[in-house]
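Asks: what's the 3D shape of this:
(one chain, ligands or ions: 1)
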Amino acid sequence: MLLSDKYPFLTNFFETAIGVGADSSQKRLSHSILLYGNDLDSQYTLALEIARLLNCTGDRSDNCQCLNCKWIREGKHPGVQTITRFHQDSKSKAKQSIPVEVVRSIVKSLVISNDYHKVFIFCDKDSDEDGAKIQGLNRFNFGEESANTLLKSTEEPFENVTFIFLARDREDLISTIVSRSQCFYVPTKERADFSYDKVEKVIANYWEIPRAEAFDFSERLMTAADENGAEVVLEQMQNYMLGVLKSNPGQRFLVDDIRSVELSKKELPLKMKPDTIFDELALKLIR
Ligand SMILES: [Zn+2]
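Replies: Residues are numbered from 1 along each chain as shown. The predicted structure follows:
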């Protein structure tokens, strides 16, 4: 599926802002862009698309075969870099976060001009192996010192440099980055799957669990959340409930339960403690 079909509004916006459309005077693309939402893969694809539009020397179509577009598709464009805590320039062994020396070397490199529009995509990965999953930035993997070092260079932005930040939530980045960035919410378009293998042992027949065991239930959910992430656990709980509801449409309590889980999902990014969220949820589900 072409990106322009998946996100027509966003790709139209970027094309116009970058000057593909006829009316490019109204919109301008900032030198600092924040994409946020739960679908990090789509964010990353969009970021590459922005980099491609900024560098294309052809007709900028989805299938453009100019050298810049080809290089970006093959992941070897010299001006387009993905910066994660696994970045190879890093000398430090501890790779909990994007090291400040990596950011300093980026800032230094900005003064060297070349023919490219430099694009730095800041995000996280779950490992440094090929095929690692793209993850969002937060205050641990993109610490304040690194962020501030980068910010200094955006005070007087270079004409041919764009920074793109990927995150689940705007609040995951320090406010000075957010306030200086053009922020775009990237909606999740595809449910990855309807599996519930990570929670099945905990949630199977949960309506049979006696009320007195609600907090045990919550604890088991927390354990699953520690192992797989709270978002995955909540998503899979809903998958399970939807599955049961499909074969038992008369069980209306499931509709209420799916709503309760939805509420918990909304509370998660608000920085409520996951154990509080799971406790409250358990008390609603275990009647
Ligand atoms: Zn091109």
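Asks: low-confidence ranges, the protein, go.
Replies: The model of the chain has pLDDT under 70 over residues 1-3, 20-27, 88-94, 189-193, 271.
Asks: tell me which residue is most central in it.
Replies: Among the residues of the chain, the one closest to the centroid is residue 40, at 3.5 Å (C-alpha atoms, centre = their mean).
Asks: once you drop chain neighbours, what's closest to it?
Replies: Nearest residue to residue 40 in three dimensions, chain neighbours excluded: residue 134, at 4.4 Å (C-beta to C-beta, 6 or more residues apart in numbering). In this view, the C-beta of every residue, glycine as well, is placed from N, C-alpha and C.
Asks: which residues pair with the one you found across the strands?
Replies: residue 125 (DSSP bridges).
Asks: these two touch, right, the residue nearest to the centre of the chain and residue 123?
Replies: Yes. If you go by C-beta atoms under 8 Å, residue 40 and residue 123 touch, sitting 7.1 Å apart.
Asks: gap between the two ends of stretch 246-253?
Replies: 13 Å (C-alpha to C-alpha, to the nearest Å).
Asks: for stretch 122-141, same thing?
Replies: 10 Å.
Asks: just the residues contacting it, thanks.
Replies: With contacts defined as C-beta atoms under 8 Å, 6 or more residues apart in numbering, stretch 122-141 is touched by 36, 40-41, 43-44, 47, 82-86, 95-98, 142, 163-169, 172-174.
Asks: can we see that at 6 Å?
Replies: Outside stretch 122-141, the residues that touch it by C-beta atoms under 6 Å, 6 or more residues apart in numbering are 40-41, 44, 83-86, 97, 165-168, 172.
Asks: for that stretch, which positions count as buried?
Replies: Going by neighbour count (16 or more other C-beta atoms under 10 Å), the buried part of stretch 122-141 is 122, 123, 124, 125, 134, 135, 136, 137, 138, 141.
Asks: I'd like to know how far the closest residue to residue 178 other than its chain neighbours sits from residue 186.
Replies: Closest residue to residue 178 apart from its sequence neighbours, by C-beta to C-beta, 6+ apart: residue 170 at 5.3 Å. Per C-beta to C-beta, to the nearest Å, residue 170 is found 12 Å from residue 186.
Asks: just want to know which of the two has more residues nearby.
Replies: residue 186 (22 against 17; other C-beta atoms under 10 Å).
Asks: pretty sure the more buried one contacts residue 37?
Replies: Yes. Residue 186 is in contact with residue 37 according to C-beta atoms under 6 Å; the separation is 4.1 Å.
Asks: okay, the contacts of stretch 122-141 in TSV with secondary structure next?
Replies: TSV is the format used below for these (DSSP: H, G, I helix; E, B strand; the rest coil):
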residue	secondary structure
40	helix
41	helix
44	helix
83	strand
84	coil
85	coil
86	coil
97	coil
165	strand
166	strand
167	strand
168	coil
172	helix
